[in-house]
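> Quick one, structure for this:
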Amino acid sequence: MRLMGLDYGDRNIGVAVSDAFRWTAQGTGVVERRRDGGEFDRIAELVREHEVSEIVVGLPKNMNGTIGPRGEICIAFAEELQHKLNIPVHLWDERLTTVAAERTLLEADVSRKKRKLVVDKMAATLILQNYLDSKSKR
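Residues are numbered from 1 along each chain as shown. A predicted model of the protein is given here:
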């Protein structure tokens with residue numbers, strides 16, 4: 001079974017999925033956040049579609065390692081996700097992943113308009129790949 005990585009943002013949730021061997025992460029898209037909680041239904045669809053057994057949610061920590069208001073929101077989202085989907089949900093330190101995604105896209109000379117469309121998906125890919133890499137070294 002595969003792993004899914006999520007980058008939880010103010011407007012969108014970036015989504016990435018691992019390969020069946022859990023070696024690599026591929027960005028699969030973005031789920032728009034909704035006032036009615038419809039993002040949970042869409043994530044549940046993606047979990048079924050990609051045969052996901054566990055989810056990794058990026059946890060934005062402060063540079064000193066503490067958890068701020070944004071981190072608290074992500075923790076609450078992860079807990080609700082685990083409750084609704086009834087599969088393991090892990091939190092993963094995502095410090096600077098969005099910055100790294102932006103930098104990579106800048107270096108690839110991607111226009112600002114196109115960067116906005118893919119940065120969430122790329123951040124989710126980085127979160128999941130870092131998580132996969134940490135597990136393969138054990």
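> Can you tell me the SS state at the spatially closest residue to residue 40 that is not a sequence neighbour?
Closest residue in space to residue 40, ignoring its immediate chain neighbours: residue 84 at 5.3 Å, by Cβ to Cβ, 6 or more residues apart in numbering. (C-beta placed from N, C-alpha, C; glycine too.) For residue 84, the secondary-structure state derived from DSSP: H, G, I helix; E, B strand; the rest coil is helix.
> residues contacting the closest residue in space to residue 23 that isn't next to it in sequence?
For residue 23, ignoring the flanking residues on the chain, the nearest one in space by Cβ to Cβ, 6+ apart is residue 132 at 6.7 Å. Shown in contact with residue 132 (Cβ atoms under 8 Å, 6 or more residues apart in numbering): 3, 18, 22-25.
> switch to 7 Å and redo it
With contact set as Cβ atoms under 7 Å, 6 or more residues apart in numbering, residue 132 has these partners: 3, 18, 22-23, 25.
> low-confidence ranges in this structure?
96, 115, 137-138 (pLDDT under 70).
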